[in-house]
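**Q** Got a predicted structure here, sequence first:
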Amino acid sequence: AQLVESGGGLAQPGGSLRLSCAASGFTFGHHAMGWFRQAPGKEREFVAAITYLGSSTYYSDSVKGRFTVSRDNAKNTMYLQMDNLIPEDTAVYYCTKSQGEIGPPPTWDYDVWGQGTQVTVSS
């Protein structure tokens, strides 16, 4: 199983970026997926998650209303649309695959991780 993130880069405060996560080596449509991020000097934190059909989505309080997670099972790809970016969103963003959804989304059993993509928000 492999996950490859793309779409990161430099954005100005108030700007937008769209991250993609391309999946291979497993049946993408059978698994919930998630996004996490890690800023320099901080622990990795949950950002968003989406169930296997995309019928339910979950967000951290820090991104709710600004970020939107979605997926296209026909393309084996998950997305994270990030709008109204703020400097505090600067981090490496990782996508991850869940193999079991017990408890709240930040604690799901994530077993495969991508290499990450850098997002920098600065003027």
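**A** Looks like it came in fine.
**Q** how close does the residue nearest the centre of the chain get to Leu53?
**A** Most central in the chain under Cα atoms, centre = their mean is Trp35, positioned 2.4 Å from the mean C-alpha point. Taking Cβ to Cβ, to the nearest Å as the measure, Trp35 falls 17 Å from Leu53. Bear in mind the C-beta positions are built from the backbone N, C-alpha and C, glycine included.
**Q** same check, this time on Ala32
**A** Distance, Ala32 to Leu53, by Cβ to Cβ: 9 Å.
**Q** quick one on the thing from earlier: from memory the residue nearest to the centre of the chain sits against Ala91, does it?
**A** No - in this structure, Trp35 is not within contact of Ala91 by Cβ atoms under 8 Å, at 10.6 Å.
**Q** coming back round to it: and the residue nearest to the centre of the chain, which of the three is it?
**A** Applying DSSP: H, G, I helix; E, B strand; the rest coil to Trp35 yields a three-state assignment of strand.
**Q** where's it relative to Ser123, distance?
**A** When distance is defined by Cβ to Cβ, Trp35 is 24 Å away from Ser123.
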